[in-house]
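Colleague: next comes the sequence, and after it the predicted model I'd like to discuss.
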Amino acid sequence: MEVVNLSVGCSMNIIIDNGLELRQLKQSDSKDIFATIDSQREYLGKWLPFVEFTKVLSDTERFVNSVINAPPERFEYIFTIRKGDEFAGLIGFKDTDSLNHKNRNRLLALRKISKTRNCN
C-alpha cells in the first residue's frame, strides 16, 4: 500500500462517479454553504444547532477559515459534496486520532480513489 503524506495545505478532489465529487473545503465555498443554510434554515435547524447562530455570510466565512487554517494537531479533512459544480453538502472526518493513526487507513483509501490531487 502506498503511504501518502496528506499534509495541511494539500487540496484533494475525489471523483465518486459521473458528476459526483468531493472537493476539499476552501474559503470560496463559504457563499454556497451560507446560501444553503440560509435557504434551508428551518429544516437544517432541527438537526444542526449551529444554524441558529449562523446569521450572516461572515459567520460561515469564519467557520471555513477555522477549518482550513487549523493547526496541524487539530486539522481535519472536510469536503464539499458537488454534483457537477453545484454544492450539495459537507462531509468530513470528525475527531480523528492522529497520534494513534485511527483514521490513517481511511485517508489512504481516499488517496487510492482520488482522481485529482492538487498538491505541490
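Modeller: Cool, got the structure.
Colleague: please count neighbours and contacts with C-alpha atoms only from this point.
Modeller: OK.
Colleague: tell me which stretches of this protein form strands.
Modeller: 11-17, 20-24, 78-83, 86-92, 116-118 (DSSP state E).
Colleague: export those strands to a markdown table and tack on mean pLDDT, distance to Ala70 and mean neighbour count?
Modeller: As requested, the strands of the chain are exported to a markdown table (pLDDT from 0 to 100; distance: least, C-alpha to C-alpha, whole Å; neighbours: other C-alpha atoms under 10 Å):
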| stretch | mean pLDDT | distance to Ala70 | mean neighbour count |
| --- | --- | --- | --- |
| strand 11-17 | 85 | 14 | 17 |
| strand 20-24 | 92 | 14 | 20 |
| strand 78-83 | 94 | 12 | 20 |
| strand 86-92 | 92 | 14 | 15 |
| strand 116-118 | 44 | 19 | 12 |
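Colleague: between those strands, which gets nearest to Lys31?
Modeller: strand 86-92 (10.1 Å; C-alpha to C-alpha).
Colleague: packing partners for that closest one?
Modeller: Judged by 3 or more C-alpha pairs under 8 Å, 6 or more residues apart in numbering; DSSP states H and E, strand 86-92 is in contact with helix 30-39, strand 78-83.
Colleague: so which of these is nearest Pro72?
Modeller: Of all these, strand 78-83 comes closest under C-alpha to C-alpha, at 13.9 Å.
Colleague: I'd like to know which of the strands of the chain is closest to Gly45.
Modeller: strand 86-92 (14.8 Å).
Colleague: before we move on, the earlier item: how about the strands of the chain in CSV, adding distance to Tyr43?
Modeller: Listed next are those as CSV, based on distance: least, C-alpha to C-alpha, whole Å:
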stretch, distance to Tyr43
strand 11-17, 27
strand 20-24, 23
strand 78-83, 19
strand 86-92, 14
strand 116-118, 34
